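1. What would the 3D arrangement of this be:
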Amino acid sequence: MAPRRQPRALGSRTTEKVHPLAEQLDRMSAGAFLRAMHAEDRRAVAAVGRALPALRRAAELAADSIARGGRIIYAGAGSSGRIAALDAAECPPTFAVPPRRVVALAAGGPRALRRAVEGAEDDRTAGARALDRLRPGPRDTVVGISASGDTPFVASVLETARRRGAATALVCAAAPGSRPRVDVLVRIDTGPELLAGSTRLKAATAAKLALNAISTWAMASTGHVFRGRMIALRPTSAKLRARAERIVAELSRVSAPRAARLVAEAGEVRLAVAMGLLGADRATARRALRVAGGDIGALLSEVGKVPAAPHRR
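-> Okay, the predicted model is just below:
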C-alpha cells in the first residue's frame with residue numbers, strides 16, 4: 001500500500017488564517033455582521049474574476065467532453081461535495097441532459113449530502129474506488145473541488161482520472177501543498193474566512209460560481225441553449241410549462257395561444273421552436289432537427305431564418 005500523503009499544517013493554508021475582523025465577530029451587532037459578510041461575498045466574486053483565464057480552460061475541457069458524448073464528473077468532500085451535487089442535479093432539468101452526463105462524487109457517499117460524514121475526506125481508497133465505478137475515459141472531464149487544494153479523497157479521484165485518460169481540473173481556494181498533476185488548476189484565492197476555517201462561506205461561494213460557469217458554458221456551447229434561453233427545457237410543471245410557452249412565443253415569433261399549442265404538441269421547447277419557425281408539423285420538424293444535430297442555430301441558418309452565431313471560445 002502506498003504511504004498516506006501527509007496534509008500541510010492547517011495554519012499554512014490561506015483558508016485557515018484568522019480574518020482581521022475575527023476578534024470582533026461575536027461582539028458585532030447584526031447589522032455590522034451582515035455588512036461584513038456581504039463585503040466578504042463581494043470579495044469571493046472578485047476572486048472568481050481574477051481566475052477567469054484558468055476557469056475558461058476548465059470550461060472548454062468540459063464543453064469538449066459534452067460535445068464528444070462524454071461526461072463532466074465532479075468530486076468533492078464536505079461543502080465542496082454538496083456544491084458539486086447541486087450543480088450536477090440541476091443540469092438535467094435545465095438542459096435536458098441525462099443524469100449520467102453530469103455526475104457528482106461526494107466523499108462519504110449520498111448520506112454525506114444530508115449530514116457530515118467526518119473523516120470521509122481523508123479516504124483516498126474510497127475516492128479511487130468511486131471513480132473506477134464510473135469507468136472514466138478520454139471523453140470525460142473530471143473536476144475536483146477542494147477549498148484546501150489537497151483533500152485526499154479529491155486528490156485520489158484526480159489521480160485515477162489521469163490514469164484513465166480523462167481530462168482533469170482542480171477548483172480550489174488555497175494554494176495546494178504541491179503542484180497537483182491536473183490539466184487545469186483553477187485557484188480562486190478568496191482569502192481568510194470571517195469564521196476561520198469555515199470554507200462553506202467565501203470559498204464555497206466561489207466554488208459554486210465556478211461550477212455555474214463550467215457547466216453552463218459546456219451546455220451553451222453544445223446546442224443546449226439558444227439565444228440565452230433553455231431550449232432543451234421539458235415542461236414538467238405549471239411553472240415550466242409557462243416558461244416553455246413564453247420561450248416558444250419569443251423565439252418563434254408566434255402568439256401566446258399558438259405557442260401553448262406548439263408546446264402541447266411537441267412536449268419540449270426545442271421541437272416546438274423548430275415547428276413554429278419552420279411552419280412544419282412535428283414529424284417534419286423532428287427530422288430537420290435530427291439532420292442539424294439538434295442545434296436550433298444550425299437548423300435555422302440552413303433555412304435562412306436567422307444568421308448563424310458562431311461560438312467563441
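
2. What are the structural domain limits within this structure?
-> When the chain is parsed with automatic domain parsing, its domains come out as 11-16+34-220, 238-302.

3. Those into TSV, with extra columns for distance to Gln24, mean neighbour count and mean pLDDT?
-> All C-beta spots, glycine's among them, are computed from the backbone N, C-alpha and C. Written out in TSV, the entries for the domains of the chain read as follows (distance: least, C-beta to C-beta, whole Å; neighbours: other C-beta atoms under 10 Å; pLDDT from 0 to 100):
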stretch	distance to Gln24	mean neighbour count	mean pLDDT
domain 11-16+34-220	9	20	93
domain 238-302	43	18	91
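
4. So which of those is nearest Ala232?
-> When the domains of the chain are ranked by proximity to Ala232, the top entry is domain 11-16+34-220, at 3.5 Å, counting by C-beta to C-beta.

5. what distance separates that closest one from the centre of its chain?
-> Using C-alpha atoms, centre = their mean, to the nearest Å, the mean C-alpha position of domain 11-16+34-220 is found 8 Å from that of the whole chain.

6. Kindly check the end-to-end length of stretch 179-190 for me.
-> From its first residue to its last, stretch 179-190 covers 19 Å (C-alpha to C-alpha, to the nearest Å).

7. Oops, could you answer that again for stretch 90-99 instead?
-> Counting by C-alpha to C-alpha, you get 9 Å between the two ends of stretch 90-99.

8. Throw the domains of the chain into a markdown table and include distance to Gly228, thanks.
-> As requested, those are exported to a markdown table (distance: least, C-beta to C-beta, whole Å):
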| stretch | distance to Gly228 |
| --- | --- |
| domain 11-16+34-220 | 9 |
| domain 238-302 | 10 |
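
9. what are the ranges of the strands in the stretch 51-200 of the chain?
-> With DSSP state E, counting those that start in this stretch, the ranges of strands along the stretch 51-200 of the chain come out as 72-76, 102-106, 141-146, 167-172, 184-187.

10. what about these, which gets the closest to Ala161?
-> For these, distance to Ala161 was read as C-beta to C-beta. The smallest value, 3.7 Å, belongs to strand 141-146.

11. So which elements touch the closest one?
-> Using 3 or more C-beta pairs under 8 Å, 6 or more residues apart in numbering; DSSP states H and E as the contact criterion, the elements in contact with strand 141-146 are helix 52-67, strand 72-76, helix 79-95, helix 152-163, strand 167-172, helix 202-220.

12. tell me the angle of that strand relative to strand 72-76?
-> Relative orientation of strand 141-146 with respect to strand 72-76: 20 degrees, computed using axes from the mean of the first three to the mean of the last three C-alpha atoms, to 10 degrees.

13. so what secondary structure elements neighbour whichever helix in the chain runs longest?
-> Once the chain is assigned using DSSP state H, the helix that runs over the most residues is helix 30-50. For helix 30-50, the packing partners by 3+ C-beta pairs under 8 Å, 6+ apart come out as helix 202-220.

14. what angle separates the helix it packs on from strand 72-76?
-> Counting by the same axes, to 10 degrees, helix 202-220 lies at 170 degrees to strand 72-76.

15. who does helix 202-220 touch, helix- and strand-wise?
-> For helix 202-220, the helices and strands in contact under the criterion 3+ C-beta pairs under 8 Å, 6+ apart are helix 30-50, helix 52-67, strand 72-76, helix 79-95, strand 141-146, strand 167-172.

16. closest one to Lys202 among the ones you listed?
-> Taking C-beta to C-beta, helix 30-50 is the member of these nearest to Lys202, at 4.3 Å.

17. how about that closest one as CSV, C-alpha atoms only?
-> Listed next in CSV are the C-alpha coordinates belonging to helix 30-50 (Å, rounded to 0.1, in the frame of the first residue of the first chain):
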residue,chain,number,x,y,z
ALA,A,30,-26.5,42.0,13.5
GLY,A,31,-26.2,44.9,11.0
ALA,A,32,-22.4,45.2,11.3
PHE,A,33,-22.1,41.4,11.0
LEU,A,34,-24.2,41.2,7.8
ARG,A,35,-22.4,44.1,6.2
ALA,A,36,-19.1,42.3,6.9
MET,A,37,-20.5,39.1,5.4
HIS,A,38,-21.7,40.9,2.4
ALA,A,39,-18.3,42.6,1.8
GLU,A,40,-16.7,39.1,2.0
ASP,A,41,-19.2,37.8,-0.5
ARG,A,42,-18.1,40.5,-2.9
ARG,A,43,-14.5,39.5,-2.5
ALA,A,44,-15.4,36.0,-3.5
VAL,A,45,-16.9,37.3,-6.7
ALA,A,46,-13.8,39.4,-7.4
ALA,A,47,-11.6,36.4,-6.8
VAL,A,48,-13.5,34.4,-9.4
GLY,A,49,-12.9,37.3,-11.8
ARG,A,50,-9.1,37.0,-11.2
